[in-house]
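**Student:** Here is a sequence together with a model predicted from it:
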There are 2 protein chains.
Amino acid sequence: MTNDLPLTKDMILDAAEQVLRRYGPDKTSVIDIAKFLQVSHGTLYRHFASKAALREAVTERWLDKSVAEPLEEIAGTAKGSAAEQLLLWLETLIGKKRKYAVDDAEMFVMYGAVTLETGKIITLHIDRLIKQVASIIERGMQTGEFKPGSADAIARAVFQATTKFHHPAHAHEWSSETIDDDFDTVWRLLLSGLK
Amino acid sequence: MTNDLPLTKDMILDAAEQVLRRYGPDKTSVIDIAKFLQVSHGTLYRHFASKAALREAVTERWLDKSVAEPLEEIAGTAKGSAAEQLLLWLETLIGKKRKYAVDDAEMFVMYGAVTLETGKIITLHIDRLIKQVASIIERGMQTGEFKPGSADAIARAVFQATTKFHHPAHAHEWSSETIDDDFDTVWRLLLSGLK
């Protein structure tokens, strides 16, 4: 039995996310997702060229909704201390990652696998986050709270210098007793470099 | 046939390293190593309680010889600019990791696996490296090149803020075209925080 409704990208991603969550990224095949949607796998391949492409697209949507969008709100608030805003942004990013690593383990594992492929999607996601950090730093530079410099380059540096605290490859270290102190020490050094 | 020579820790580690390199950490068993040494596996277990313990001990020795000891020399040179010394130390660490990831892939993969277990050995290795960084920063503080502060805490921050460039979980990113620029940007921000 096949379904005659026109397939939208969101319908496919909804189905793929459900199936991937249920069976895990390794055991899910494109055929499983096609069956779930009641379409032929040929139809599905017309939208996504491979299982890897589907997996990436599901991860991208999840990252946008659960990470980039809530952070966008924080980055968009142009008032108060830029240092406090930057700290709130970083702590929110780190808090979300830690939460998802535990509460949304299936998606988190898939996201971890996708980052290993260093594909375009992760690069775009990171660029989006770094742009948010740059807007906070830019404002701090304008108000004189931060030293002048290239906001884009410094934002990239801040993001990369905090890798240990938000990159999924380090998730197994986040339950360490010293992780909060460690972040605090890195933050102080970075802030001292910004001011 | 069994060998009657008394087994030293180094003999066992030499054998274990050879066997692990040949078959890989997953396929090597304690029995393989015992056979190679011509001893019973009971004898081997008297020295190392498990395959994991053997693997950790081999990694520890490798990290000491190929990473910590050469860096110790750089950290021990108490002349010239502390900033230049710190940069040399970091660039040497990063250069060695990148080299081993390619030229000594078997050991590097094992080292990557051992870091995932967050065992005592990796903690000790990192503490040793951070102590070296602290001695450089301490000297920079004494000469007034760096701002005063807790050299130990700042050394820890410098080490962790450069995770992306030396932690084995990021080895797949080290061939990126932007990796050197990325390190340079992080370094500038850290240095600006130190000065």
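**Tutor:** Cool, got the structure. Numbers count the residues shown, from 1 in each chain, chains lettered A, B, ... in the order given.

**Student:** pretty sure A:His41 is touching A:Asp32, no?
**Tutor:** No. Using CB atoms under 8 Å as the test, A:His41 is too far from A:Asp32 to be in contact (9.4 Å). C-beta: built from backbone N, CA, C; applies to glycine.

**Student:** Compare those two (neighbour count), which wins?
**Tutor:** A direct count of neighbours by other CB atoms under 10 Å in any protein chain shown for A:His41 and A:Asp32 places A:Asp32 higher, at 18 against 15.

**Student:** Count residues in the vicinity of A:Leu93, would you?
**Tutor:** Counted with other CB under 10 Å, residues neighbouring A:Leu93 total 22.

**Student:** What parts of chain A come near chain B?
**Tutor:** Contact residues, chain A versus chain B (CB under 8 Å from any CB of the partner chain): A:116, A:118, A:147, A:153-154, A:156-158, A:160-164, A:167, A:169-170, A:172-173, A:176, A:182, A:185-186, A:188-194.

**Student:** Any of these buried? List them.
**Tutor:** A:153-154, A:156-158, A:160-164, A:167, A:169-170, A:173, A:182, A:185-186, A:188-190, A:192-194 (16 or more other CB atoms under 10 Å in any protein chain shown).

**Student:** For the residue nearest to the spatial centre of chain A, report the pLDDT, please.
**Tutor:** Residue closest to the average C-alpha location in chain A (CA atoms, centre = their mean): A:Leu63, at 4.0 Å. Predicted confidence (pLDDT) for A:Leu63: 95.

**Student:** Spatially nearest residue to it (excluding sequence neighbours)?
**Tutor:** What sits nearest to A:Leu63 in space, not counting adjacent residues and going by CB to CB, 6 or more residues apart in numbering or on different chains, is A:His125, at 4.9 Å.

**Student:** The one you found: how many residues sit nearby?
**Tutor:** The tally of other residues near A:His125 (other CB under 10 Å) stands at 19.

**Student:** per the record, what domains does chain A have?
**Tutor:** A:1-49, A:55-194 (automatic domain parsing).

**Student:** okay, the ones you listed in TSV with distance to B:Gln132 next?
**Tutor:** Listed next are these as TSV, based on distance: least, CB to CB, whole Å:
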stretch	distance to B:Gln132
domain A:1-49	40
domain A:55-194	17
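
**Student:** Of these, which is nearest B:Glu56?
**Tutor:** domain A:55-194 (15.8 Å; CB to CB).

**Student:** still on that earlier bit, how about whichever strand or helix holds the residue nearest to the centre of chain A: buried residues?
**Tutor:** Taking DSSP states H and E as the criterion, A:Leu63 maps to helix A:51-63. For helix A:51-63, the neighbour count (16+ other CB under 10 Å) marks A:Lys51, A:Leu54, A:Arg55, A:Glu56, A:Ala57, A:Val58, A:Thr59, A:Glu60, A:Arg61, A:Trp62, A:Leu63 as buried.

**Student:** which helices and strands sit right next to that helix?
**Tutor:** helix A:9-27, helix A:30-37, helix A:105-116, helix A:120-142 (3 or more CB pairs under 8 Å, 6 or more residues apart in numbering or on different chains; DSSP states H and E).

**Student:** try it again with 10 Å
**Tutor:** Using 3 or more CB pairs under 10 Å, 6 or more residues apart in numbering or on different chains; DSSP states H and E as the contact test, the elements touching helix A:51-63 are helix A:9-27, helix A:30-37, helix A:41-47, helix A:105-116, helix A:120-142.

**Student:** picking up where we left off before, pull up the gap between the residue nearest to A:Leu63 and chain B, please.
**Tutor:** Using CB to the nearest CB, to the nearest Å, A:His125 is found at 14 Å from chain B.

**Student:** Then A:Ser50?
**Tutor:** 20 Å.

**Student:** In CSV: the helices and strands packed on helix A:51-63, plus mean pLDDT.
**Tutor:** Shown next, in CSV, are those (pLDDT from 0 to 100):
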stretch, mean pLDDT
helix A:9-27, 91
helix A:30-37, 93
helix A:41-47, 90
helix A:105-116, 91
helix A:120-142, 95
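
**Student:** quick one: which of those is nearest B:Leu129?
**Tutor:** Closest among the helices and strands packed on helix A:51-63, using CB to CB: helix A:105-116, at 25.2 Å.
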